[in-house]
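[1] after the sequence you'll find the predicted model.
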Amino acid sequence: MKVVVIGNGMVGSRFVDDLVSRDASAQVTVLGKETHEPYNRVLLSSVVAGKTAPDALATLTTDSDRVRTLLGVSAVAVDRGAMTVTDSTGDVHHYDRLVFATGSQARIPGIQGIATDRGLLEGVSVLKDLDDATGIVAAIPKARRAVVLGAGVLGLEVATGLASRGLAVTLVHHADRLMERQLGSAASSIATGSLQRLGVTVVTETSVASARDSRGAVKSVTLTDGTEILTNLLVMCAGTIPETALARKAGLPCDRGIMVGEDLASPADPAVFAIGDCAQPPEGGSGLVAQGWDQAKRLVAAWTADAVAESRVDAVVESADTAELDVTNVVRVKASGLDVVTMGLSGKFEHGERELRAVRMADPAIGRFVEVVVSHGLLVGATIVGDKQCATELGSMYTRMLPVPSDPAHLIIRPLANATRPAAVAVEDMGPDHTICQCNAVPKGRIEEAVADGCSSVEDVARATRAGTGCGDCRSLVGDIIRRCGTADAADQKVPALAGSAPVGTVEG
Ligand SMILES: Cc1cc2nc3c(=O)[nH]c(=O)nc-3n(C[C@H](O)[C@H](O)[C@H](O)COP(=O)(O)OP(=O)(O)OC[C@H]3O[C@@H](n4cnc5c(N)ncnc54)[C@H](O)[C@@H]3O)c2cc1C
């Protein structure tokens, strides 16, 4: 079977890796517009913040003579009648099955003065790929000020990252509050206070109308209300648009993304599929990597007639009252000095017919806000600003769908009261089905198996199970599980668990 995959990003590369390891007949050609080997795009804001080196982003590449990957080569035309793809060098690739994994592109707002003959004005950027990140990093030493446009998750991450590098940052947002899809006014105003303490000035209900340059580099921006802000950098974090241009040209039905059915095939062509950010499945695209990786896994399973029921649908509670309780719906800002986590119902949500009970605690003086939403004995939503420990506790309760105390206030008071306790969520209390890595849907039991098979470090477990290879948020929990397994083994073998610098979880005896 000849397969052509268009796009060598996080989902396309994962799909190819899964496919060739499961299907011995697959001959795959991958066309990747970027010149880089696949990398972890999710951590690009961490590169901007100086917390992760660009070369640490590399993900595992498929080592198989059945895969031909062309880096820096775009697909430019698809002939569905002839079943061929033409690439940017003029080569033509025949396919039996074609997979679009073209991702999304950053939305560039209409700002006067940012476009030049050679692309964007110097100092003006989006943050979508590794070249964008290294370009921003290269500009930082010469910059004193930055404007970040858009206060969604990415905008907050970029603004705090640039502020941590010593720049005076102004965060400009069109809505009346930060992360308006996730946060209500009270939570937003507390997060705004935290940002100000980090050196970020927040300006809402306005946008950037125009930019002025000095010798070809941005020197100031003017907001829609007429305010002028001097700046050396303008980073636009104004959302993404699924990359559908080639699919549209090929006559495939597209809406926001490339339309596909449950089987991830185009309704117009059973030989053409779409996965990842470019796809629009019946439930809608989330723009999150977990959805794309799940689609990659499902498509390989379908093609290899593998009956593993590994769909994320399992993770959704199916009951009349909690039908919207999708435990994967957790939004986390990856920024140092600013903890914002939302899960399920948050911000301004509709109550509808549901019986919901919301309790909140706000303490602007120390930048803390916690709101929990409870329905029929379950936590169905939470917003936490400025309290990592509480976010961890509530996150665990939410994703494990544990029954909540009859008085929801205890959900807030208990974690806060125990805030000094180092590991409030005991890994030993988690069952084997408890999902540890949300990005890769890896349960605790799978990690324990990997440790039993000899994995003794977080990196080993990542290689064996992929846990921790997405946003990386679960890596400390993976470490806890390894340590716990090591301790359990040690107890069984009556050998004391190791302390000190040995790899976590190893037992010497
Ligand atoms: C800074 C940043 C932070 C993020 N943070 C998170 C997060 O915390 N959690 C989360 O879940 N998600 C996050 N995301 C989103 C996540 O990165 C995406 O969901 C994920 O990368 C989607 O993978 P994909 O393969 O569909 O698309 P991509 O990874 O974007 O890859 C698509 C690839 O296709 C290539 N391509 C496009 N057109 C063509 C063509 N015609 N020919 C050849 N190649 C082509 C592109 O150049 C690109 O390399 C973040 C994204 C960014 C940019």
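    Looks like it came in fine. A quick note: this is a predicted structure, and the numbers were derived from the prediction, not measured.
[2] CA atoms of stretch 35-48 as PDB?
    Output of stretch 35-48 as PDB, limited to C-alpha atoms (Å, rounded to 0.1, in the frame of the first residue of the first chain):
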ATOM      1  CA  THR A  35      13.300  21.900   6.800                       C
ATOM      2  CA  HIS A  36      13.400  20.500  10.400                       C
ATOM      3  CA  GLU A  37      13.000  17.000  11.600                       C
ATOM      4  CA  PRO A  38       9.700  16.700  13.600                       C
ATOM      5  CA  TYR A  39       9.700  18.600  16.900                       C
ATOM      6  CA  ASN A  40       7.500  19.300  19.800                       C
ATOM      7  CA  ARG A  41       5.700  22.400  18.700                       C
ATOM      8  CA  VAL A  42       3.800  22.700  22.000                       C
ATOM      9  CA  LEU A  43       7.000  23.800  23.800                       C
ATOM     10  CA  LEU A  44       7.800  26.700  21.400                       C
ATOM     11  CA  SER A  45       6.700  29.300  24.000                       C
ATOM     12  CA  SER A  46       9.100  27.600  26.400                       C
ATOM     13  CA  VAL A  47      11.900  28.200  23.900                       C
ATOM     14  CA  VAL A  48      10.900  31.900  23.700                       C
END
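[3] quick check: mean pLDDT of it?
    If you average the pLDDT over stretch 35-48, you get 96.
[4] touching the ligand at all, that stretch?
    Yes. Stretch 35-48 lies within reach of the ligand by Cβ under 6 Å from any ligand atom, at 41-42, 44-45. In this view, the C-beta of every residue, glycine as well, is placed from N, C-alpha and C.
[5] need the contact partners of that stretch.
    Stretch 35-48 has contacts (Cβ atoms under 8 Å, 6 or more residues apart in numbering) with 8-10, 12-13, 32, 52-54, 57-59, 61, 71-72, 127-130, 132-134, 136-137, 154, 157-158, 161-162, 289, 334-335, 439, 469-472.
[6] in stretch 73-90, what counts as buried?
    Buried residues in stretch 73-90, defined by neighbour count with 16 or more other Cβ atoms under 10 Å: 73-75, 78, 80, 83, 85-87.
[7] from these, which are also near the ligand?
    Okay, of the buried residues of stretch 73-90 touching the ligand (Cβ under 6 Å from any ligand atom), that's 74-75.
[8] farthest-separated two in the buried residues of stretch 73-90?
    Distances among the buried residues of stretch 73-90 were taken as Cβ to Cβ; the most separated pair is 73 and 80, at 20.2 Å.
[9] any idea how far stretch 65-78 is from the chain center?
    25 Å (Cα atoms, centre = their mean, to the nearest Å).
[10] how about stretch 379-390?
    18 Å.
[11] can you check stretch 188-197 too?
    For stretch 188-197, the distance to the chain centre is 23 Å (Cα atoms, centre = their mean).
[12] could you export it as CSV, CA atoms only?
    Output of stretch 188-197 as CSV, limited to C-alpha atoms (Å, rounded to 0.1, in the frame of the first residue of the first chain):
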residue,chain,number,x,y,z
SER,A,188,-9.2,37.5,34.6
SER,A,189,-8.6,40.5,36.8
ILE,A,190,-6.6,38.5,39.3
ALA,A,191,-4.5,37.0,36.5
THR,A,192,-4.0,40.6,35.2
GLY,A,193,-2.7,41.6,38.6
SER,A,194,-0.2,38.7,38.5
LEU,A,195,0.9,39.7,35.0
GLN,A,196,1.5,43.2,36.1
ARG,A,197,3.7,41.9,39.0
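[13] tell me which residues of that stretch are tucked away?
    Within stretch 188-197, the residues that qualify as buried are 188-195, counting by 16+ other Cβ under 10 Å.
[14] got it, and stretch 384-404?
    For stretch 384-404, by 16+ other Cβ under 10 Å, it's 384-387, 389-401, 404.
[15] so which residues on the stretch 101-250 of the chain come close to the ligand?
    Within the stretch 101-250 of the chain, the residues that sit near the ligand (Cβ under 6 Å from any ligand atom) are 101-104, 127-128, 154, 243, 246.
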